[in-house]
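S.K.: I'll drop the sequence and a predicted model, then ask my questions.
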Amino acid sequence: MFLISSFIVFVVFFVNVALGAFADSAFLGDVGEMLVLSFASVIFVVAILRKEADRSKNDDS
C-alpha cells in the first residue's frame, strides 16, 4: 500500500518535471516540487520500515 502510494506520488513529481522541461507548463512551483518529492521519500521510507518489521516478525517466529 505504502510502496504503491510512494510510486504514485513520485510519478506526479516526474510528470511535473517533464512538463516543465518539455512543455514549459509545470503545475507545481519549486516549493511544491520539494514537498511532493519529500512526501514520496517519506512514504517510501515508511514502506521499507514496515516491510523490515514484517520480515523481522516472521524471522523471530
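M.R.: The structure has been received and is ready for your questions.
S.K.: In what element of secondary structure is the spatially most central residue of the chain found?
M.R.: Nearest to the mean C-alpha position of the chain, by Cα atoms, centre = their mean, lies Ala40 at 2.2 Å. Taking DSSP states H and E as the criterion, Ala40 maps to helix 30-60.
S.K.: Mind giving me the packing neighbours of that helix?
M.R.: Helix 30-60 makes packing contacts with helix 2-22 when contacts are defined by 3 or more Cβ pairs under 8 Å, 6 or more residues apart in numbering; DSSP states H and E. The way it works is simple: take the backbone N, C-alpha and C, and place the C-beta from them, glycine included.
S.K.: what's next to the helix it packs on, contact-wise?
M.R.: 25-28, 32-33, 36-37, 39-41, 43-44, 46-47, 50-51 (Cβ atoms under 8 Å, 6 or more residues apart in numbering).
S.K.: buried sites along it?
M.R.: Neighbour-count burial for helix 2-22 flags Phe2, Ser6, Val9, Phe10, Val12, Phe13, Asn16 (criterion: 16 or more other Cβ atoms under 10 Å).
S.K.: where does the protein dip in pLDDT?
M.R.: Within the chain, the stretches with pLDDT under 70 are 61.
S.K.: rewinding a little: just give me how far the helix holding Ala40 sits from the chain centre.
M.R.: Chain-centre distance of helix 30-60: 8 Å, with Cα atoms, centre = their mean, to the nearest Å.
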